[in-house]
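> dropping a prediction and its sequence here:
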Amino acid sequence: MLINLLADLLLLAGGALLAWSVAMTLQRLPVFPLKQLVVVTPLDQVSQSQVEHTARTALSGNFFTVNLETAQTAFERMPWVRSASLRRLWPDGLELSLEEHRAAARWTPLDGEARLVSARGEVFMASSREPLPLFTGPEGSAPRVLARYQEFNDSLGAIGRTPVAVHLSAREAWHLKLDDGVMLELGRDQPKHPLTERVSRFTSHYATVTGAARGRLQAIGVVDMRYPNGFALRASKS
């Protein structure tokens, strides 16, 4: 019995070794070359030339030996790419799926590199010609700035205005620039005097304030909303 069991074990081991040898030999043969890369997601920002360039530098080996993890990382380094997924497509191809960022705003440049904020509040290296609002703030604050921008935009929509720039200072003070050139000094968010209340106060008096300014033939430059129950106006320098 022991001899028979040993013979069975040796036979199994021999079969496994043979299968492994055949697999390794097939992988090393000049067969199963990669002939196609199929992009299965529609692309808005990433160009075909960018994909082709990355494929030439990142894909090496044949259908069996190509390192999908390494290639996937290379595709994720492309501008505008949030994530990438690769899988083998029998018998001679790879299937590539790319998720692109959707830009919501420009972000403070870093070392001369243009950066954007995505609709998820993620900062990524890329440039855009779209008329996007400008966000500035401490590193790591992009999600907060985006959330505040959406609140401000909703509130200001009631008077037909849009914020084109949102700044969060290192001291947590908020500043807005509107599409008509007016600067809003909102200050720090406080439990007793929240930012939402200050913006609401501005929208409630916007028509009165702009009408008075037109009557004096002066353009409003800055509206200081940091007062508990009122605001101060400064004329535009121009």
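Yep, it's here.

> buried stuff in stretch 111-121?
Arg115, Leu116, Val117, Ser118, Gly121 (16 or more other CB atoms under 10 Å). C-betas here are computed from N, CA, C, even on glycine.

> whoops, I mixed them up, stretch 186-201
Buried-residue list, stretch 186-201, by 16+ other CB under 10 Å: Leu186, Gly187, His193, Leu195, Arg198, Val199, Arg201.

> quick revisit: and the buried residues of stretch 111-121, which is closest to Ser83?
Ser118 (11.8 Å; CB to CB).

> skipping adjacent residues, who's closest to the residue nearest to the spatial centre of the chain in space?
The residue lying closest to the centre of the chain (CA atoms, centre = their mean) is Ser118, at 3.2 Å. Among residues not flanking Ser118 along the chain, His101 sits closest, at 4.2 Å (CB to CB, 6 or more residues apart in numbering).

> confidence score at the one you found?
pLDDT recorded at His101 is 98.

> equivalent analysis for the one 10 residues further on, please.
Asp111 is assigned a pLDDT of 80 by the prediction.

> redo the buried residues of stretch 111-121 as TSV? Include distance to Val145.
Formatted as TSV, the buried residues of stretch 111-121 follow (distance: CB to CB, whole Å):
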residue	distance to Val145
Arg115	13
Leu116	13
Val117	7
Ser118	12
Gly121	8
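
> sort out for me which of the residues you listed are in strands.
Arg115, Leu116, Val117, Ser118 (DSSP state E).

> count of neighbours near Phe32?
If you count neighbours by other CB atoms under 10 Å, Phe32 ends up with 17.

> helix, strand or coil: sort out it for me.
Here Phe32 is coil, with the state taken from DSSP: H, G, I helix; E, B strand; the rest coil.

> just the C-alpha atoms of stretch 63-71, please, in PDB.
Taking C-alpha atoms only, stretch 63-71 is exported to PDB below (Å, rounded to 0.1, in the frame of the first residue of the first chain):
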ATOM      1  CA  PHE A  63      -0.500  37.500 -23.900                       C
ATOM      2  CA  PHE A  64       0.600  35.400 -20.900                       C
ATOM      3  CA  THR A  65       3.600  37.300 -19.600                       C
ATOM      4  CA  VAL A  66       2.500  40.900 -19.800                       C
ATOM      5  CA  ASN A  67       2.400  42.400 -16.300                       C
ATOM      6  CA  LEU A  68      -1.100  43.800 -16.000                       C
ATOM      7  CA  GLU A  69      -0.600  45.500 -12.600                       C
ATOM      8  CA  THR A  70       2.500  47.400 -13.800                       C
ATOM      9  CA  ALA A  71       0.700  48.500 -17.100                       C
END
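
> which residue ranges of this protein form strands?
With DSSP E, the ranges of strands along the chain come out as 36-39, 81-89, 93-100, 103-110, 113-118, 123-125, 134-136, 163-168, 173-178, 183-188, 220-224, 232-235.
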